[in-house]
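Engineer: Pasting the sequence and the predicted model now:
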Amino acid sequence: MKQFLNKSITFPARHWKIRRKDGIMRTRCMPADIHSFCLHLGRIDRERRGNVYEVSHVVNSILNHGLARGRRITPKQLHKLLYFHYKDYLQKTDEPLFYGQFQPAITGPVSLKVVKEYKRFNENDYITRFCPDSNGKEYYIPMNDDSDPVFNSTLSDTWEKYSKFTGDFLSDLTHTPGSAWDKARKANLPFLKDEDIKAEPDLLK
């Protein structure tokens with residue numbers, strides 16, 4: 001298990017199959033050092049369509065962003081940071097940040113993938129591991145990846161704006177009357193609509 005250890009993560013050295021651009025498969029040993037590890041695994045493979053990511057890629061990017069600042073977060077905080085990052089990205093690009101939808105849970109917008117992945121954690125426990133993607137790998141987007149500058153700018157903005165608040169506060173914030181969550185609950189919808197998320201104003205104002 002890969003665990004967060006205070007301000008850094010200890011990863012055991014592992015061997016990965018890597019396909020080069022010429023199609024030839026190579027086996028490489030990934031170093032235990034977190035920064036070197038991220039340079040290899042953090043660069044998302046371009047199997048994704050356009051700049052739409054898997055939800056796990058975004059989750060891991062948020063967790064890594066916090067680790068780089070000596071911060072760990074709870075599942076409740078993660079759900080809300082994920083939501084606000086998605087919202088900001090959608091409003092700036094008119095494109096979804098990842099394939100997946102938010103459910104209007106009692107605690108606010110939640111991702112089913114995140115719920116399942118971290119169901120063993122209490123909502124106020126610190127998360128201690130990354131989230132595997134559909135291939136079982138733990139990718140995230142490094143802050144020095146310039147392939148999608150809007151991703152990194154919206155992640156930084158979201159973190160600076162919302163990470164200082166508790167999960168309970170962020171949950172209450174998403175319950176603001178007229179929010180996308182509020183509209184989905186009142187209409188008894190299974191998921192929040194992207195059009196409502198995009199139209200949602202700044203809830204902190």
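Structural biologist: Happy to help now that I have it. Numbering: from 1, shown residues only.
Engineer: How is the residue most central in space within the chain assigned, secondary-structure-wise?
Structural biologist: Geometric centre of the chain, nearest residue: residue 59, 2.1 Å, by Cα atoms, centre = their mean. Following DSSP: H, G, I helix; E, B strand; the rest coil, the label given to residue 59 is helix.
Engineer: Under a three-state scheme, what state does the nearest residue to it once chain neighbours are set aside occupy?
Structural biologist: The shortest distance from residue 59 to any non-neighbouring residue, by Cβ to Cβ, 6 or more residues apart in numbering, is to residue 131 (4.5 Å). For glycine as for every other residue, the C-beta is placed from the backbone atoms N, C-alpha and C. For residue 131, the assignment made with three-state DSSP gives coil.
Engineer: and residue 131, how many neighbours?
Structural biologist: 24 (other Cβ atoms under 10 Å).
Engineer: ok, now residue 175?
Structural biologist: What residue 175 shows, counting by other Cβ under 10 Å, is a neighbour count of 15.
Engineer: Is it correct that it is in contact with residue 186?
Structural biologist: No: taking contacts as Cβ atoms under 8 Å, residue 175 lies outside contact range of residue 186: 11.6 Å.
Engineer: what about dumping the CA coordinates of stretch 82-94 to PDB?
Structural biologist: Taking Å, rounded to 0.1, in the frame of the first residue of the first chain, the C-alpha atoms of stretch 82-94 are listed here in PDB:
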ATOM      1  CA  LEU A  82     -13.100  17.900  -6.400                       C
ATOM      2  CA  TYR A  83     -16.500  19.500  -7.000                       C
ATOM      3  CA  PHE A  84     -15.200  23.000  -6.900                       C
ATOM      4  CA  HIS A  85     -12.300  22.100  -9.200                       C
ATOM      5  CA  TYR A  86     -14.700  20.500 -11.600                       C
ATOM      6  CA  LYS A  87     -17.000  23.600 -11.500                       C
ATOM      7  CA  ASP A  88     -14.100  26.100 -12.100                       C
ATOM      8  CA  TYR A  89     -12.700  24.000 -15.000                       C
ATOM      9  CA  LEU A  90     -16.200  23.700 -16.500                       C
ATOM     10  CA  GLN A  91     -16.900  27.400 -16.300                       C
ATOM     11  CA  LYS A  92     -13.500  28.300 -17.900                       C
ATOM     12  CA  THR A  93     -13.400  25.700 -20.700                       C
ATOM     13  CA  ASP A  94     -17.000  24.700 -21.200                       C
END
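Engineer: Alright, I will stop here.
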